[in-house]
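*Asks:* Curious how this folds, go ahead:
(4 chains)
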2 protein chains.
Amino acid sequence: MPLTETSPSPRKPALRRSAGETRDALMEAAFGLVRAQGLSATSVDEICGAAGVSKGAFFHHFKSKEHLAAAAADHWSETTGAMFDAAPYHAAADPLDRVLGYIAFRAALIDGAPEAFTCFVGTMVQEAWATSPPVQAACWDSISGHAGKLEDDIAAAMAAHDVSPGWTARSLALHTQAVLQGAFILAKASGDAEMAREAIRHLRRYVELLFARGGPVLSPDTNH
Amino acid sequence: MPLTETSPSPRKPALRRSAGETRDALMEAAFGLVRAQGLSATSVDEICGAAGVSKGAFFHHFKSKEHLAAAAADHWSETTGAMFDAAPYHAAADPLDRVLGYIAFRAALIDGAPEAFTCFVGTMVQEAWATSPPVQAACWDSISGHAGKLEDDIAAAMAAHDVSPGWTARSLALHTQAVLQGAFILAKASGDAEMAREAIRHLRRYVELLFARGGPVLSPDTNH
DNA sequence: TTTTACATACCAACCAGTCGGTTTATGTGT
DNA sequence: ACACATAAACCGACTGGTTGGTATGTAAAA
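*Replies:* I've put the predicted structure just below:
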């Protein structure tokens, strides 16, 4: 199964539901449902119902459920990316403050029910990694791309604070994503969002310890 | 839906397939399939096929797919628990060495395909937490119980190394589980097991930094 | 008038779970 | 030892509902 998505049409004006709105509504309906139930437990009819559109509209915009999943992963990257770009922690002058601000921001987002604060692509990739290469790739793009933005601030913080570590900015950026994804699992399993916040508090402490001084690292191993 | 499993019959000798062997075969077949595809994408027929038993046998041993899932989570706790209990890192005299030994052991287990080294309950709870309370509870029992064993060593290490932190042994034990679960997601998403090992290397460095000295912690916040 | 956006009815495949029947182990009386 | 009764283990055909996806038609936009 290929997977060449119908590109977001270059047309500009509005239709019955302004251009692409139905498409977005379907993908955003999938966000909540998949985070609550998983991908394969979420039926196309359910997504249509939540989005308020018919099944015919679904298959007009997406050639299959798998295509929706991959497109939704991309859409997730865009919407969350815009949200993080607009977040206040970017204003900090010290890049380390931006990194710690990012972590604090992630912790602050954890509120309410897990289907509202957990990661769409992190949930979906658990089911799709082996069965759907396009979905796996879209999920990895999302996680990796998001980590890339953080990586820049980490790299700047490393330069500014003169750390000479056995680890790279990229590996630390990905480690933060691992902690976040794992924190979401703890929250879902325990039914307690506080479990996720506690794990993130340890992550913040780790980053603080790493940048506390530029001295020798304890571990000889490198994160290359 | 209640969920009182037919207790492992008090009979002793062997049947066609020695007592409980079919049951175990079904649960262990589920381990691999669920880790690769997720729970709801895995059909009962598929599990039967992998275990080499008929559908009639499946529903003789489990009253529903959900019951199998919950029982399999318990079985996962038992089999992995026995495996960790037998691991060599327990021999270390210094409790901190046991904690670091545990982390090294977890890293060493990451080899081959994700369906062979990732966590069954961590994968399953992502799909079941909102739809099946019994499965959610069994998964949390598994994670929480496993963390409990590590917690004991962490607590001993805290006493032996005179740390007076703003965090608890339990919160650190759960943090390690978060890192591991998140590391598995990175491995599945990227298709590269090395991603998981790198995240765990950061975890080890964090524990080393925490125990490097008993001085004041940087963060005023507590992990209670 | 052509294309896009949607709607509805429909379908074959698949799903979890059921059911009647068969096979095998085991305990008991003799 | 041996028949016999009982129950557990197991089989595979079947069922009713659901699934992803299609076919056909219609109304609005361009």
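*Asks:* helices or strands up against the lengthiest helix in chain A?
*Replies:* Ranked by residue count, the top helix of chain A under DSSP state H comes out as helix A:133-160. Taking 3 or more CB pairs under 8 Å, 6 or more residues apart in numbering or on different chains; DSSP states H and E as contact, the helices and strands that helix A:133-160 lies on are helix A:65-85, helix A:95-109, helix A:120-128, helix A:169-190, helix B:169-190. Backbone N, C-alpha and C define where each C-beta goes, glycine included.
*Asks:* just the ones you listed: most buried one?
*Replies:* Mean neighbour counts were compared across the helices and strands packed on helix A:133-160 using mean count of other CB atoms under 10 Å in any protein chain shown; the top stretch is helix A:120-128, at a mean of 29.
*Asks:* now that helix against helix A:65-85, angle please.
*Replies:* Interaxial angle, helix A:120-128 versus helix A:65-85 (axes from the mean of the first three to the mean of the last three CA atoms, to 10 degrees): 150 degrees.
*Asks:* Find the helix or strand that A:R201 is a member of.
*Replies:* Mapping A:R201 onto the secondary structure by DSSP states H and E places it in helix A:193-212.
*Asks:* tell me what that helix is packed against?
*Replies:* Under the contact criterion of 3+ CB pairs under 8 Å, 6+ apart, helix A:193-212 touches helix A:95-109, helix A:169-190, helix B:169-190, helix B:193-210.
*Asks:* Local confidence estimate at A:A212?
*Replies:* The predicted local confidence for A:A212 comes out at a pLDDT of 87.
*Asks:* how near is it to B:L209?
*Replies:* A:A212 sits at a distance of 9 Å from B:L209 (criterion: CB to CB, to the nearest Å).
*Asks:* out of those two, which sits in the busier spot?
*Replies:* Neighbour comparison, A:A212 and B:L209: the larger count goes to B:L209, with 18 against 12 (by other CB atoms under 10 Å in any protein chain shown).
*Asks:* That one contacts A:L210, correct?
*Replies:* Yes. Taking CB atoms under 8 Å as the contact criterion, B:L209 and A:L210 are neighbours in contact, 7.4 Å apart.
*Asks:* for stretch A:193-200, what is the average pLDDT?
*Replies:* Stretch A:193-200 shows a mean pLDDT of 98.
*Asks:* ok, now stretch A:82-90?
*Replies:* 97.
*Asks:* swap in stretch A:141-158?
*Replies:* Taken as a whole, stretch A:141-158 has an average pLDDT of 98.
*Asks:* quick one: contacts of it?
*Replies:* The list of residues contacting stretch A:141-158 from outside it, by CB atoms under 8 Å, 6 or more residues apart in numbering or on different chains, reads A:73-74, A:76-77, A:80-81, A:84, A:94-96, A:98-99, A:102, A:121-122, A:125, A:165, A:169-170, A:172-174, A:176-177, A:211, B:186, B:189-190.
*Asks:* swap in stretch A:59-71?
*Replies:* A:1, A:3, A:5-6, A:22-23, A:26-27, A:30, A:34, A:39, A:44, A:47, A:58, A:124, A:128, A:132, A:134-135, A:137-138.
*Asks:* Report the separation between the two terminal residues of it.
*Replies:* Across stretch A:59-71, the terminal residues are separated by 13 Å (CA to CA, to the nearest Å).
*Asks:* is any part of that stretch close to DNA strand C?
*Replies:* Yes. Using CB under 7 Å from any atom of the strand, a contact is recorded between stretch A:59-71 and DNA strand C, made by A:H60, A:H61.
*Asks:* Check the contacts of stretch A:59-71 one by one and keep those near DNA strand C.
*Replies:* Near DNA strand C, by the rule CB under 7 Å from any atom of the strand, you find A:T22 out of the contacts of stretch A:59-71.
*Asks:* which of the contacts of stretch A:59-71 count as buried?
*Replies:* A:3, A:22-23, A:26-27, A:30, A:34, A:39, A:44, A:47, A:58, A:124, A:128, A:132, A:134-135, A:137-138 (16 or more other CB atoms under 10 Å in any protein chain shown).
*Asks:* could you pick out which of these are near DNA strand D?
*Replies:* With CB under 7 Å from any atom of the strand as the criterion, the subset of the buried ones among the contacts of stretch A:59-71 in contact with DNA strand D comprises A:V44.
*Asks:* Please identify the helix or strand for the closest residue to DNA strand C within chain A.
*Replies:* Across chain A, the shortest distance to DNA strand C (CB to the nearest atom of the strand) belongs to A:G56, at 2.0 Å. Taking DSSP H and E as the criterion, A:G56 maps to helix A:55-61.
*Asks:* same thing with A:S18?
*Replies:* Remark: A:S18 resides in no helix or strand, with elements defined by DSSP H and E.
*Asks:* swap in A:L26?
*Replies:* For A:L26, the secondary-structure element it belongs to, assigned by DSSP H and E, is helix A:21-37.
*Asks:* Give me the contact list for that helix.
*Replies:* Contacts of helix A:21-37 from elsewhere in the structure, counted by CB under 8 Å, 6+ apart, are A:17, A:42, A:46-48, A:50-53, A:57-58, A:61-62, A:68-69, A:71-72, A:75-76, A:114-116, A:118-120, A:123-124, B:40, B:127, B:130-131.
*Asks:* I'd assumed A:C48 was in contact with A:S54.
*Replies:* Yes. With contact defined as CB under 8 Å, A:S54 reaches A:C48; the gap is 6.4 Å.
*Asks:* So for those two, which sits in the more crowded spot?
*Replies:* Between A:S54 and A:C48, counted using other CB under 10 Å, the more crowded position is A:C48 (19 against 13).
*Asks:* check contacts around the more buried one.
*Replies:* Per CB under 8 Å, 6+ apart, neighbours of A:C48: A:L26, A:A29, A:S54, A:K55, A:A57, A:F58.
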